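Engineer: sharing a sequence plus its predicted fold:
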Number of protein chains: 2
Amino acid sequence: MASMKEIAARCNVSVATVSKAINGYSDIGEDTRNLILNAASEMGYLPNSSARALKTKRSYNLGVLFFDEGMSGLTHDYFNHVLEHFRRAAQEQGYDITFVIGKDSGRKMSYYDHCRYRGVDGVVMACVDFYTEEVLDLVRSNIPLVTIDHTFDGTIAICSNNALGMETLLDHIYQKGHRRIAYIHGENTSVTKIRLSSFYRTAQSLGLDIPEEYIRRAAYRDADKAAIETAELLNLRQPPTCILYPDDYAAFGGYTEIRSRGLRIPEDISIAGFDGLDVARVLAPRLTTFCQDTASIGRLAAEKLIDLVENPRTTVIDKYVVDGTLFTGGSVKTLRAQT
Amino acid sequence: MASMKEIAARCNVSVATVSKAINGYSDIGEDTRNLILNAASEMGYLPNSSARALKTKRSYNLGVLFFDEGMSGLTHDYFNHVLEHFRRAAQEQGYDITFVIGKDSGRKMSYYDHCRYRGVDGVVMACVDFYTEEVLDLVRSNIPLVTIDHTFDGTIAICSNNALGMETLLDHIYQKGHRRIAYIHGENTSVTKIRLSSFYRTAQSLGLDIPEEYIRRAAYRDADKAAIETAELLNLRQPPTCILYPDDYAAFGGYTEIRSRGLRIPEDISIAGFDGLDVARVLAPRLTTFCQDTASIGRLAAEKLIDLVENPRTTVIDKYVVDGTLFTGGSVKTLRAQT
DNA sequence: ATAAATGGCTAAATCGTTTTCGTTTTTATT
DNA sequence: AATAAAAACGAAAACGATTTAGCCATTTAT
């Protein structure tokens, strides 16, 4: 309500002086500054973010771009954990966030246009299909960008260490004595590719032979599909002794299918998830899974993005890899070594 | 990049004319309008939201205020479902959303100040502690407001029909033959109060006698506490035959505790949840629960808030109650009637 | 033929800041 | 005492839109 103009009038100074006093410029006398600051707080002055943004071209707003196969948006477990920490870190530094949508959401504006329209200072993007024209337009623009779990040339990337996760998980299972290990992987994203290749690489270095029929596919968080694929695996003449799932939630589909056949976990078959979200904690036996460090990922993304916004560089090739940790539940049985 | 000024220059008209042409005013000739519109799209014109907001005092931004005991934020299952639909509905109508934070988040600005600073056109609030001074300042302000699952005088409220939910659930369980029914309720919020009183009311109308020791407390989504309370209930000399939980996730704590004692669900004891979120779907047996209609709640909140923003009224006392539906899983056993 | 109404357009003020470039006054330097 | 330098402040333009009031030229009514 109260503007600089009113403060200026009250203090008999110009609005330029008010602006400088409030923004801590050095060419304002001690006494006038105090006069102005007191008046400002008495009058409940707040800067007008629109006016400021208009003039400075800095909105203190960060765009969040998220799009996944299932259109789950904020209900996406992994993403909302990352985003929650991103939001906190951003807001601690005075940045608010805005959800960027594109034509897929029925609007005429593209992602890039939406960003321009709102004047966001930077954008974080996650889990989208990274290769549509609309996304690439944004990537090629001069808007500071941080990608999560994907690497573009010339952008900052924050990546969960999926390769390590898969390696750790598989190694753990191997150490427990398992040799027939199946992997139901997720949709065709860069994350999945990394996990899959890590799976093969680790298997090879362990000397494991993974029959092709042990590799199957179910979408992220699709428990029903996971159950179906589990059934397929169990029906094999030589079923696996352990099944890996794309995420903890999908692993539930496994629990269901396995138990509906009267089999027990882990006595009759072992399973493991990926993500380490809350759901993994509540099952009995607890699910062995690889916990991604969503807090660090979100926070780091915010910090690096803000740093890029405030210290523009022409070329950026930073990639930060965030490690996770293995959570050992009771869903993987210790077998005596057998080949 | 391209501003109205540039379009005006290119078309040899004034910027006023450009503005009117773009905003569909009637006093612009057919031909000039087309000229301008073509130039605008060729030049990739986009309105500048800051400039527009500065002049019109309408930001097309809606504030989202959410605060819960556990600081779960976007990871809160019920809330993120509601919010996802709120966001979609809002963005369909050209509104973006901004997370409003207050002093609790370590910033110097209060909720109200944050709203003023960003010039949000309206605010939706949910699941916060509705009676802090900071929140009340916002409620008493002249910013259009919609509350979710809480009623203030003079604001629009969108409420999930928790009373119906509890009644439906309890009635269902009663019909299944249960008479000794325990209820582990959530934290002390208005929602919990409604459910609790509905529980008592329904119990009374069914002629049920609920011993005080059957009523216990665990925070929302606190599976561990729920497990502890479950243990207490099972240790009673006269344990219940069915236990109600504050939410589906908490019910998991029940599964765990119950099974760790070698008891079976529902053969030895029945349980039911509340919320009907995805997690309820993946357990075996599926959890009987009351599904809140988060999609309708979120969408309705957006529609009503935007309507209020665009059609200001001085007094508002609307309350919309959104019904949910019972999901009958296999977690409640049919007993032969016994008193 | 004149007055009134209409259509099509513009000038200019305004929203609330930031920022450049002065100007004035004071203080330091020689 | 003259000059230079520093300190404190202000005028005004600019950011990109919206909107009011008015102007001019036609058209229509009288």
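Structural biologist: Great, that's in hand.
Engineer: residues in contact with A:Gly70?
Structural biologist: A:His76, A:Ala219, A:Tyr220, A:Arg221, A:Asp222 (C-beta atoms under 8 Å, 6 or more residues apart in numbering or on different chains). Using the backbone N, CA and C atoms, a C-beta is placed for each residue, glycine as well.
Engineer: also near chain B: which of the residues you listed, exactly?
Structural biologist: A:Arg221 (C-beta under 8 Å from any C-beta of the partner chain).
Engineer: what is the nearest of the contacts of A:Gly70 to DNA strand D?
Structural biologist: A:His76 (33.9 Å; C-beta to the nearest atom of the strand).
Engineer: which residues does the nearest residue to the closest one once chain neighbours are set aside contact?
Structural biologist: Of all residues not flanking A:His76 in the chain, A:Asp68 sits nearest, at 5.9 Å (C-beta to C-beta, 6 or more residues apart in numbering or on different chains). Shown in contact with A:Asp68 (C-beta under 8 Å, 6+ apart): A:His76, A:Phe79, A:Cys127, A:Val128, A:Tyr220.
Engineer: and what about A:Asp68, helix, strand or coil?
Structural biologist: coil (DSSP: H, G, I helix; E, B strand; the rest coil).
Engineer: is any residue of the helix or strand of chain A with the lowest mean pLDDT near chain B?
Structural biologist: None of the helices or strands of chain A scores lower by mean pLDDT, DSSP states H and E than helix A:279-282, at a mean of 75. Yes - applying C-beta under 8 Å from any C-beta, one finds helix A:279-282 in contact with chain B at A:Val279, A:Arg281, A:Val282.
Engineer: name the SS class of A:Ile317, please.
Structural biologist: With three-state DSSP as the criterion, A:Ile317 reads coil.
Engineer: list the backbone torsions phi and psi for the residue nearest to A:His76.
Structural biologist: Main-chain dihedrals, A:Asp68, degrees, to the nearest 10: phi -130, psi 160.
Engineer: which pLDDT does the model give it?
Structural biologist: A:Asp68 is assigned a pLDDT of 85 by the prediction.
Engineer: likewise for the one 3 residues further on?
Structural biologist: Confidence at A:Met71, expressed as pLDDT, is 84.
Engineer: for A:Ala231, see how far away it is.
Structural biologist: 27 Å (C-beta to C-beta, to the nearest Å).
Engineer: okay, the two: which has more neighbours?
Structural biologist: A:Ala231 (15 against 12; other C-beta atoms under 10 Å in any protein chain shown).
Engineer: need phi/psi at that one.
Structural biologist: phi -60, psi -40.
Engineer: now do the end-to-end distance for stretch A:212-219.
Structural biologist: 19 Å (C-alpha to C-alpha, to the nearest Å).
Engineer: contacts for that stretch?
Structural biologist: Under C-beta under 8 Å, 6+ apart, the answer for stretch A:212-219 is A:69-70, A:180-187, A:196, A:225-226, A:228-229, A:232-233, A:236, A:240, A:245-246, A:250, A:253.
Engineer: what domains does the record give for chain A?
Structural biologist: Following automatic domain parsing, chain A resolves into domains at A:4-47, A:61-160+A:295-323, A:162-292.
Engineer: now the end-to-end length of the last one.
Structural biologist: This points to domain A:162-292. Domain A:162-292: ends 8 Å apart by C-alpha to C-alpha.
Engineer: my guess is A:Glu167 meets A:Thr202, correct?
Structural biologist: Yes - at 4.7 Å, A:Glu167 counts as touching A:Thr202 under the criterion of C-beta atoms under 8 Å.
Engineer: whichever residue of the stretch 51-200 of chain A sits closest to DNA strand D - how many residues pack around it?
Structural biologist: Nearest residue of the stretch 51-200 of chain A to DNA strand D, counting by C-beta to the nearest atom of the strand: A:Lys55, 3.6 Å away. Neighbourhood size, A:Lys55 [other C-beta under 10 Å]: 10.
Engineer: same check, this time on A:Thr325
Structural biologist: Counted with other C-beta under 10 Å, A:Thr325 comes out at 14.
Engineer: got the confidence number for the residue lying closest to it once chain neighbours are set aside?
Structural biologist: Nearest residue to A:Thr325 in three dimensions, chain neighbours excluded: A:Cys291, at 5.2 Å (C-beta to C-beta, 6+ apart). We note a pLDDT of 96 for A:Cys291 in this prediction.
Engineer: partners of A:Cys291 in the sheet?
Structural biologist: A:Asp275, A:Thr325 (DSSP bridges).
Engineer: would you agree A:Val15 is in contact with A:Ile22?
Structural biologist: No - judged on C-beta under 8 Å, A:Val15 makes no contact with A:Ile22 at a distance of 10.3 Å.
Engineer: shared neighbours of these two, anything?
Structural biologist: Taking C-beta under 8 Å, 6+ apart as the contact rule, the neighbours common to A:Val15 and A:Ile22 are A:Met4.
Engineer: out of the two, which sits in the more crowded spot?
Structural biologist: A:Ile22 (17 against 14).
Engineer: neighbours of A:Lys57, just the number please.
Structural biologist: Applying other C-beta under 10 Å, I find that A:Lys57 has 10 neighbouring residues.
Engineer: grab the nearest non-local neighbour of it.
Structural biologist: Nearest one to A:Lys57, counting by C-beta to C-beta, 6+ apart, is A:Gly119 at 7.1 Å.
Engineer: wait, isn't the one you found in contact with A:Arg52?
Structural biologist: No - applying C-beta under 8 Å, one finds A:Gly119 not in contact with A:Arg52, separated by 11.0 Å.
Engineer: higher neighbour count, these two?
Structural biologist: Each of A:Gly119 and A:Arg52 has its neighbours counted (other C-beta under 10 Å); A:Gly119 has more, 22 against 17.
Engineer: do you know how far that one is from B:Arg116?
Structural biologist: 19 Å.
Engineer: what comes up buried for the helix or strand harbouring A:Gln204?
Structural biologist: Using DSSP states H and E, the element containing A:Gln204 is helix A:190-205. Residues of helix A:190-205 classed as buried by neighbour count (16 or more other C-beta atoms under 10 Å in any protein chain shown): A:Ser190, A:Val191, A:Thr192, A:Ile194, A:Arg195, A:Leu196, A:Ser198, A:Phe199, A:Tyr200, A:Thr202, A:Ala203.
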